[in-house]
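> Make a model of this:
(chains A, B, C and D)
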There are 2 protein chains.
Amino acid sequence: MASARVTLPQVAARAGVSLGSASRALNGNGASPAMVARVQAAARELGYQPDATGRSLRLRRTFQIAFAVADIGNPVYVEMLTAIQEVVAERGYRLVVATTGSTTGSTIEMVQGLSSGLVDGLVISPLRVDAALVTELRAASMPVVVIGRTLAGEAFDAVSTDSARGIGQAVAHVLGLGRRRLGFLNGPLDTTPGEARQRGFDLAVGREDYPGDSVDSEVAEDFTVTAGLVGARALLARNLARGAGLDAIVAANDLLAIGAIKAARELGLRVPQDVAVTGMDDTEIGKVFAPTLTSVSLRSSERGRAAAELLLSRLEEPGRDARRVFVEPALEVRESTLDAGGAA
Amino acid sequence: MASARVTLPQVAARAGVSLGSASRALNGNGASPAMVARVQAAARELGYQPDATGRSLRLRRTFQIAFAVADIGNPVYVEMLTAIQEVVAERGYRLVVATTGSTTGSTIEMVQGLSSGLVDGLVISPLRVDAALVTELRAASMPVVVIGRTLAGEAFDAVSTDSARGIGQAVAHVLGLGRRRLGFLNGPLDTTPGEARQRGFDLAVGREDYPGDSVDSEVAEDFTVTAGLVGARALLARNLARGAGLDAIVAANDLLAIGAIKAARELGLRVPQDVAVTGMDDTEIGKVFAPTLTSVSLRSSERGRAAAELLLSRLEEPGRDARRVFVEPALEVRESTLDAGGAA
DNA sequence: GTGAAAGCGCTAACAC
DNA sequence: GTGTTAGCGCTTTCAC
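Residues are numbered from 1 along each chain as shown, chains lettered A, B, ... in the order given. A predicted model of the protein is given here:
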């Protein structure tokens, strides 16, 4: 610490020029080569570091971007964070991490707190959305990019995917393997992803030509391994009591899927031979798990990158129409649904 | 977006009071109750949101803290990040994430970039440290808290642990299980953790009374699962070629340990029956892996929390002596070293 | 307790 | 092309 700050007037004095000239010289705005050389030399000698606060106040820009999520512990958000950080850092912006809490109320508070000119824009991936939050986001004094669905049509720049369709892909995959007794392990239904994924499952198993024999769903308390373990125990036990038990579990994310595998093993079931298990999000943890996890990729890095780019482009062109980026889900087949290394 | 910013003079005008009074009223600095009521009412009516930039310029504080790491993808850093974020948010600070890159040169650049009054303090966990970086950190215009070792004795507030000793605990544990042919799977030796952990291993197996039969080390290219897989293949193959092969692998972190388990399985070895495997960092991924991973906890959350508290206390009391917090490593025994559910 | 005024560090508009 | 000056929004003296 220490080292009293050097200000621009000091640099100007050292170089024997005016404050304005020093500023122009350092920012490359119409100064003579000689001037630039003198000022830069003075700045170097004094160890001048421009003050971000003064600059921001004058320019009305902070070169900071915020990324807001409910829980940065979740691997999906970490992936997004990494991607966003890369994109914005490259363009000279810094990333501020904001935690929203899990309710819309606490999210609204966070958005308000950010509306103090502290950041130039916001990328938010809300777990739960209601009208009040949408209103708050629309009223925010900065551009907002939403990752996920909102109720608000074309109001925001947004990047979204079709996780319902992704669940459909997972269902089709296990049906293709010959599995006929399916269980769906979901997270809370009052969340945006929980709702969409349930819809996807119900749709996939509700078709006229659905070839499966039985269908059951269980809602875990949270999108975590622990909650998945508890939920899957109930799901498996219930279906075992009813008859032949499940031969496939489709989980709403990778963490729930890992919980499901653990629950299956507790009952002496082999994965994938007795029960095939699929996840969603295609996280690193699923790739290294044993068995490696079949998972529907929602391309979190790509979504993060797209969101960051959307925001930066909006900052350059504030008036443009809202833009939406869609990312296709893609099933990644791995060991947790493949017997003996064979394909489906 | 949109919604033109409301400024304090506007609030003052609306309330029919002076600018200074409005400021005092809102900040609770000696204003009459009547004044406070009037100004607050005006602020509410206009939707006043104080401008962080103007405030920061005047106060010379931003209420922002930076956390700098080489790679936010690493679960250890995510744990620290979460803990730091919690502590600082509670005290009204925001967290800025900064990526250092893996070299000391790029780290120095990052520290310089942050030395622009943008943040009030810095928590940094550098992977590599040299004299130039230490100099830069000492010269920084803000308080710095280091997580990990530096070359700089008592110069910084710091939180550290003894990972060398932690490796010793892992070695003692597998020896206690009766394992006698030990392999050490480390990450790059020119990193602070790599160096310390190698030292710990060499010390543990170099004792007079060391009961083991053979010892070997392998250095992976990085602290990742992929690098661990490659390194462990070499380590296992080499020792198999020499004789009976390894019966225990001590890995320098959990990701390397997971790579080692995968490599062992490729060779048809069972974990833990044929080869016991230990990790370090006690990450979430190790806890949910199958088998669950025996790991030396370095209490990342606790270190993050301690670092944040050290920094906040330094901001309150800039002149105080540098303080160091030590966190003891602790072995967490799980399935990857336990045969048949029995204890050691 | 309140109003008036200065000034944090910077950039840009304005003269010359 | 350069110097001078105003002012971004805020807090905190300084008078009264």
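
> mind showing which ranges of the stretch 1-150 of chain A have poor pLDDT?
For the stretch 1-150 of chain A, the stretches with pLDDT under 70 are A:1-4.

> Mind listing residues that contact the one helix or strand A:Val174 maps to?
Here A:Val174, judged by DSSP states H and E, is contained in helix A:163-176. For helix A:163-176, contacts defined as Cβ atoms under 8 Å, 6 or more residues apart in numbering or on different chains pick out A:182, A:184, A:193, A:196-197, A:199-201, A:203-205, A:211-212, A:248, A:250, A:252, A:276, A:278, A:280, A:294, A:296, A:298, A:329-331, A:333, A:337, A:344. Bear in mind the C-beta positions are built from the backbone N, C-alpha and C, glycine included.

> List buried members of those residues by neighbour count.
A:182, A:184, A:193, A:196-197, A:200-201, A:204-205, A:212, A:248, A:250, A:252, A:276, A:278, A:280, A:294, A:296, A:298, A:329, A:331, A:337 (16 or more other Cβ atoms under 10 Å in any protein chain shown).

> Which members of the residues you listed occur in strands, if any?
Using DSSP state E, the members of those that fall in strands are A:182, A:184, A:248, A:250, A:276, A:278, A:280, A:294, A:296, A:331.

> Across the sheet, point out what pairs with the third one.
Okay, so that is A:Ala248. Going by DSSP bridges, A:Ala248 is paired in beta bridges with A:Leu182, A:Ala276.

> Helices of the stretch 101-250 of chain A, start to end?
A:104-114, A:131-139, A:163-176, A:192-205, A:225-242 (DSSP state H, counting those that start in this stretch).

> could the ones you listed be laid out in a markdown table, adding distance to A:Leu269?
Shown next, in a markdown table, are the helices of the stretch 101-250 of chain A (distance: least, Cβ to Cβ, whole Å):
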| stretch | distance to A:Leu269 |
| --- | --- |
| helix A:104-114 | 39 |
| helix A:131-139 | 41 |
| helix A:163-176 | 15 |
| helix A:192-205 | 21 |
| helix A:225-242 | 7 |
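
> who in the stretch 51-200 of chain A is up against DNA strand D?
Contact residues, the stretch 51-200 of chain A versus DNA strand D (Cβ under 7 Å from any atom of the strand): A:57-58, A:60.

> and which of the residues you listed is nearest to A:Ala66?
Nearest to A:Ala66 out of these is A:Arg60 (Cβ to Cβ; 16.7 Å).

> Just list the residues touching that closest one, thanks.
Here A:Arg60 is in contact with A:Gly117 (Cβ under 8 Å, 6+ apart).

> can you check A:Ile258 too?
A:225, A:228, A:279, A:285-286, A:289, A:293, B:288.

> which SS state does it fall under?
Here A:Ile258 takes the helix state, with states given by DSSP: H, G, I helix; E, B strand; the rest coil.

> Before we move on, what's the pLDDT of it?
On pLDDT, A:Ile258 comes in at 97.

> quick one: it from DNA strand D, how far?
Separation of A:Ile258 from DNA strand D (Cβ to the nearest atom of the strand, to the nearest Å): 48 Å.

> ditto for A:Phe67
Distance from A:Phe67 to DNA strand D, by Cβ to the nearest atom of the strand: 25 Å.

> What residues are bridge-paired with that residue?
In beta-bridge terms (that is, DSSP bridges), A:Phe67 pairs with A:Val97, A:Val123.

> wait, it sits on A:Leu81?
Yes: here A:Phe67 reaches A:Leu81: they are 5.9 Å apart, a contact under Cβ atoms under 8 Å.

> any residues in contact with both of these two?
Counting by Cβ under 8 Å, 6+ apart, the residues touching both A:Phe67 and A:Leu81 are A:95, A:97.

> A:Pro329 touches A:Leu298, doesn't it?
Yes: the criterion here is Cβ under 8 Å, and A:Pro329 meets it with A:Leu298 at 5.5 Å.

> What is the neighbour count of A:Leu175?
For A:Leu175, the tally of surrounding residues (other Cβ atoms under 10 Å in any protein chain shown) stands at 18.

> ok so, going back, how many degrees apart are the helix holding A:Val174 and strand A:276-280 in direction?
Here helix A:163-176 runs at an angle of 160 degrees relative to strand A:276-280 (axes from the mean of the first three to the mean of the last three Cα atoms, to 10 degrees).

> as a whole number, average confidence for helix A:163-176?
98.

> who in the stretch 51-200 of chain A is up against DNA strand C?
Counting by Cβ under 7 Å from any atom of the strand, the residues of the stretch 51-200 of chain A that sit close to DNA strand C are A:51, A:53-55, A:57-59.

> cutoff 6 Å now
A:51, A:54-55, A:57-59 (Cβ under 6 Å from any atom of the strand).
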